[in-house]
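**Student:** Output the structure for:
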Amino acid sequence: MVGIDRNSDDSSLNAWTGPPVAPPLPGPPTTKCARKGVHTEGAPQRADCCVSTTAIDLWDRLFDEGYKADVRIHTNDGGVVYAHACIVSMASPVMKGMLKKSKRKGRYQVLSVGGVPYDAVRVFVRFLYSCCYQNQDMAEFIVPLLVLSHSFVVPRLKQICEQQFEQGLLNVENVIDIFQLALLCDAPRLSFICHRMILKNFKAVSATEGWAAMKQSFPLLEKELLECVIEEDNRTKERIRRKNERKIYLQLYEAMEALVHICRDGCRTIGPHDKVFKKDQPPCRFEACKGLELLIRHFAGCKLRVPGGCIHCKRMWQLLELHSRLCADSNVCRVPLCRNFKDRIKKQNKKDETKWRILARKILRTKTIGVAPFFTSACGC
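**Tutor:** You can find the predicted model right below:
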């Protein structure tokens with residue numbers, strides 16, 4: 001009986017809008033230095049402590065000029081970054097342990113950092129001094145910075161890298177590589193964001209070079225992602241099925257409301273035989289009334305009214321039987337044949353009775369989710 005309600009309002013349905021948005025990153029908000037394009041990140045300030053941009057400039061100068069530096073950090077491409085042991089040791093426990101084991105050459109202690117370019121190491125060490133970074137450097141070296149922050153245990157820089165990926169540096173082309181990196185670097189939030197993007201844009205992601213490389217290097221990871229895509233697709237289909245099912249139940253409930261309204265109160269030009277209709281009547285609040293009115297008029301004048309003889313009359317019979325199963329008291333109900341159907345229920349076979357009972361329960365349960373049901377134990381139809 002879905003076809004009766006041609007103008008039903010679907011706004012009451014709560015359409016699924018996808019997975020929830022990830023919560024914000026922990027830690028203090030980003031504050032900008034006086035210099036353009038420079039961001040500073042740090043721990044929450046105490047009430048008796050306020051670090052000015054002048055102090056941050058001094059830290060940057062100390063790093064840039066290397067005044068009395070006692071550490072030399074060598075990179076694979078032949079670069080050397082000068083630093084101060086006391087500062088990098090306090091900023092990174094891993095560097096502190098490396099410095100204890102390192103050999104001194106003259107007045108310098110020597111460390112080696114491989115696998116990342118010189119410029120990335122320089123940006124990383126500078127962050128250890130002032131917790132500052134240039135936007136351009138972050139965009140260019142975010143991958144090696146994430147690796148360095150994990151390797152040398154600098155959690156704040158790691159959080160910043162995750163945040164930068166989330167705010168725009170993550171895309172379809174690099175999401176597979178970043179996803180694998182996030183798993184290796186123990187970054188659960190970043191791996192979750194990557195996983196969500198892969199599922200959402202699977203067709204485009206599966207055509208990238210990163211996917212092809214992962215397929216060759218990590219076939220098990222590809223298998224897990226494919227299983228997740230299938231599972232997500234099945235969940236989406238199930239959500240659509242339930243949404244459509246609930247829509248049908250809501251339409252049936254609205255048809256039941258309109259039927260009681262017509263038979264008890266009357267609507268526009270149709271109603272009880274003792275109903276006096278006024279010329280100027282306000283618009284009906286039951287949207288299913290228009291379609292149901294046409295169905296009732298057809299039912300009243302159809303010559304093939306027997307069940308199975310006319311498809312429209314068959315729908316009307318089904319509506320009347322459904323109403324009888326929802327009606328709380330057939331003794332005072334003004335819907336035609338309500339008591340007759342109540343008596344017929346007692347003679348119905350168990351299989352049909354179970355189907356009707358399940359349908360009635362689902363209709364009432366669906367409506368109860370949104371607002372109070374129209375048919376209650378106290379309802380006098």
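
**Student:** The residue nearest to Tyr118 when sequence neighbours are not counted: how many residues sit nearby?
**Tutor:** Nearest residue to Tyr118, sequence neighbours excluded (C-beta to C-beta, 6 or more residues apart in numbering): Gly79, at 2.9 Å. For every residue, glycine as well, the C-beta is placed using N, CA and C. Burial of Gly79 is recorded as 15 neighbouring residues (other C-beta atoms under 10 Å).

**Student:** Contacts only, for Gly79.
**Tutor:** Neighbouring residues of Gly79 by C-beta atoms under 8 Å, 6 or more residues apart in numbering: Pro117, Tyr118, Asp119, Val121, Arg122.

**Student:** rerun that using 10 Å as the cut-off
**Tutor:** Gly79 makes contacts with Ile73, Val113, Pro117, Tyr118, Asp119, Ala120, Val121, Arg122, as judged by C-beta atoms under 10 Å, 6 or more residues apart in numbering.

**Student:** before we move on, what SS does Leu111 have?
**Tutor:** Recorded secondary structure, Leu111: strand (DSSP: H, G, I helix; E, B strand; the rest coil).

**Student:** which residues touch the closest residue to it other than its chain neighbours?
**Tutor:** Spatially, and ignoring its direct neighbours in sequence, Leu111 is nearest to Ile73 (4.8 Å; C-beta to C-beta, 6+ apart). Residues in contact with Ile73 (C-beta under 10 Å, 6+ apart) are 79-83, 88, 95, 98, 108-113, 118, 121-122, 124-125.

**Student:** Which ones among the residues you listed lie within strands?
**Tutor:** Among the contacts of Ile73, the members found in strands (DSSP state E) are Val80, Val81, Tyr82, Ala83, Tyr108, Gln109, Val110, Leu111, Ser112, Val113.

**Student:** Pipe these into CSV and attach neighbour count, pLDDT and distance to Asp137 per row.
**Tutor:** Shown next, in CSV, are these (neighbours: other C-beta atoms under 10 Å; pLDDT from 0 to 100; distance: C-beta to C-beta, whole Å):
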residue, neighbour count, pLDDT, distance to Asp137
Val80, 14, 92, 18
Val81, 23, 92, 14
Tyr82, 18, 92, 18
Ala83, 28, 92, 17
Tyr108, 18, 88, 25
Gln109, 19, 90, 26
Val110, 15, 90, 25
Leu111, 19, 90, 21
Ser112, 11, 90, 22
Val113, 22, 90, 17
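
**Student:** Of those residues, which is the nearest to Ile198?
**Tutor:** Minimum distance to Ile198 across the ones in strands among the contacts of Ile73 is 31.0 Å, recorded for Val113 (C-beta to C-beta).

**Student:** right, and the closest one touches Val81 too?
**Tutor:** Yes: in this structure, Val113 is within contact of Val81 by C-beta atoms under 10 Å, at 8.3 Å.

**Student:** Give me the common contacts of these two.
**Tutor:** Common neighbours of Val113 and Val81, using C-beta under 10 Å, 6+ apart, are Ile73, His74, Thr75, Val121, Phe124, Val125.

**Student:** How many residues are close by Cys302?
**Tutor:** Residues near Cys302, counting by other C-beta under 10 Å, number 14.

**Student:** didn't it look like it was pressed against Cys310?
**Tutor:** Yes: contact criterion C-beta under 10 Å: Cys302 and Cys310 qualify, at 5.4 Å.

**Student:** Give me the common contacts of those two.
**Tutor:** By C-beta under 10 Å, 6+ apart, the residues touching both Cys302 and Cys310 are Met316.

**Student:** how would you label Tyr133: helix, strand or coil?
**Tutor:** Of the three states, Tyr133 takes strand according to three-state DSSP.

**Student:** from what I can see it touches Arg126, true?
**Tutor:** Yes: the pair Tyr133 / Arg126 is scored as a contact, 7.4 Å apart, by C-beta under 10 Å.

**Student:** Looking at those two, which has the bigger crowd around it?
**Tutor:** For Tyr133 versus Arg126, the count of surrounding residues by other C-beta under 10 Å is larger for Tyr133: 24 against 20.

**Student:** Which positions are bridged to the more buried one in the beta structure?
**Tutor:** Legend: beta-bridge partners of Tyr133 under DSSP bridges are His39.

**Student:** any idea how far it lies from Gln159?
**Tutor:** Separation of Tyr133 from Gln159 (C-beta to C-beta, to the nearest Å): 13 Å.

**Student:** swap in Ala85?
**Tutor:** Here the criterion is C-beta to C-beta. By it, Ala85 lies 25 Å from Gln159.

**Student:** And for Lys314?
**Tutor:** According to C-beta to C-beta, Lys314 and Gln159 sit 64 Å apart.
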